[in-house]
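**Q** got a predicted structure plus its sequence, pasted below:
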Amino acid sequence: MLSPYSSPAERVWFYTLRILCGLILLFLVLPVLVIVPLSFNAGSFLVYPLQGFSLHWYQDFFNSAEWMRALKNSLIVAPAATLLAMGFGTLAAIGLTRSNFPGKSLVMALVISPMVVPVVIVGVASYLFFAPLGLGNTYTSLILVHAVLGVPFVIITVSATLQGFNYNLVRAAASLGASPVTAFRRVTLPLIAPGVISGALFAFATSFDEVVVTLFLAGPEQATLPRQMFSGIRENLSPTIAAAATLLIGFSVILLLVLEWLRGRSEKLRTAVE
């Protein structure tokens, strides 16, 4: 904050920096927000200026069998993949944080590699793996690969939470007769819950927005919402896509608000424990 004794140069730099940050934020957000008004356009084309206000495209979205099937598939695949990613990612983070063994860095690099490997490579490899097993065009393959893509986010967030974890609490629980499972359920999990839930939300968003892997592994009956949007862009560019995109933007904003709330709660818990 500026003080009454700040020099003119400091004041200029203060306001210049904030104006620059505002312009960068506008540059990043504007291409996303420009879609929202188009979803309320009364016209049949994705063009400006708008030809009037209408909820027709939202009605078309919710009345379309294809869009509803895609939404249903997304609501099946994303939660299932999130649960798997949350379970495996949490256990992996605890094991990697508490243990020291040769090759630990290599193991960590391997488990978070789905985050950095191009998704198209993951899609091709997944198809070549599941197709001979007869699991192509099934929910099983789609859920498993989406879970693999979400595990690194859970590992990173839970590992960050465990950096400030006081393991004396677990030892105290064990000294009072608690089994390892009971100590984890009653002591460890409540304290790292914000990190677990944050990672789960990232995994859910990753699965819900994923399109490349879905193109390789999903058939027409397993098409998710992003794949349906991709197909609509290629085949029939309709403002219904803008309505679907607006709903996804709103959903993403809600996720970000929840993540921010969890971050604040995690800081309060960490402060209380310390």
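**A** Arrived safely, thanks for sending. Numbers count the residues shown, from 1 in each chain.
**Q** with just CA atoms, put stretch 7-25 into CSV.
**A** Extracted in CSV, the C-alpha atoms of stretch 7-25 (Å, rounded to 0.1, in the frame of the first residue of the first chain):
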residue,chain,number,x,y,z
SER,A,7,7.6,9.5,-3.7
PRO,A,8,6.1,10.4,-7.1
ALA,A,9,8.1,7.7,-8.8
GLU,A,10,6.7,5.1,-6.4
ARG,A,11,3.2,6.3,-7.0
VAL,A,12,3.6,6.1,-10.8
TRP,A,13,5.1,2.6,-10.5
PHE,A,14,2.3,1.6,-8.2
TYR,A,15,-0.5,2.6,-10.5
THR,A,16,1.4,1.5,-13.7
LEU,A,17,1.8,-2.0,-12.3
ARG,A,18,-1.9,-2.3,-11.4
ILE,A,19,-3.0,-1.0,-14.8
LEU,A,20,-0.7,-3.5,-16.5
CYS,A,21,-2.0,-6.4,-14.4
GLY,A,22,-5.5,-5.3,-15.2
LEU,A,23,-4.8,-5.3,-19.0
ILE,A,24,-3.2,-8.7,-18.8
LEU,A,25,-6.2,-10.1,-16.9
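**Q** any idea of the mean pLDDT for it?
**A** What stretch 7-25 shows for mean pLDDT is 84.
**Q** what packs against the helix or strand of the chain with the lowest mean pLDDT?
**A** Here the helix or strand of the chain ranked lowest by mean pLDDT, DSSP states H and E is helix 239-273, holding a mean of 75. For helix 239-273, the elements it packs on are helix 35-38, helix 56-63, helix 189-209, helix 225-235, judged by 3 or more Cβ pairs under 8 Å, 6 or more residues apart in numbering; DSSP states H and E. Glycine gets a C-beta too; all of them are placed from N, C-alpha and C.
**Q** show me what contacts the nearest residue to residue 108 once chain neighbours are set aside?
**A** Take residue 108 and drop its neighbours on the chain: the residue closest to it by Cβ to Cβ, 6 or more residues apart in numbering is residue 96, 5.8 Å away. Listed by Cβ atoms under 8 Å, 6 or more residues apart in numbering, the contact set of residue 96 reads 104, 107-108, 111, 155, 159.
**Q** may I see these arranged in TSV, with distance to residue 88 and pLDDT as well?
**A** Formatted as TSV, those follow (distance: Cβ to Cβ, whole Å; pLDDT from 0 to 100):
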residue	distance to residue 88	pLDDT
104	17	76
107	14	82
108	14	82
111	9	83
155	9	89
159	14	85
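**Q** among those, name the ones in helices.
**A** Judged by DSSP state H, these include 104, 107-108, 111, 155, 159 as members of helices.
**Q** between the residues you listed, which sits nearest residue 60?
**A** Using Cβ to Cβ, residue 155 is the member of the ones in helices among the contacts of residue 96 that lies nearest residue 60, at 40.5 Å.
**Q** is it true that that closest one touches residue 113?
**A** No. Counting by Cβ atoms under 8 Å, residue 155 stays clear of residue 113, with 11.1 Å between them.
**Q** before we move on, back to that, now do the residue nearest to residue 108 against residue 164, distance only.
**A** 16 Å (Cβ to Cβ, to the nearest Å).
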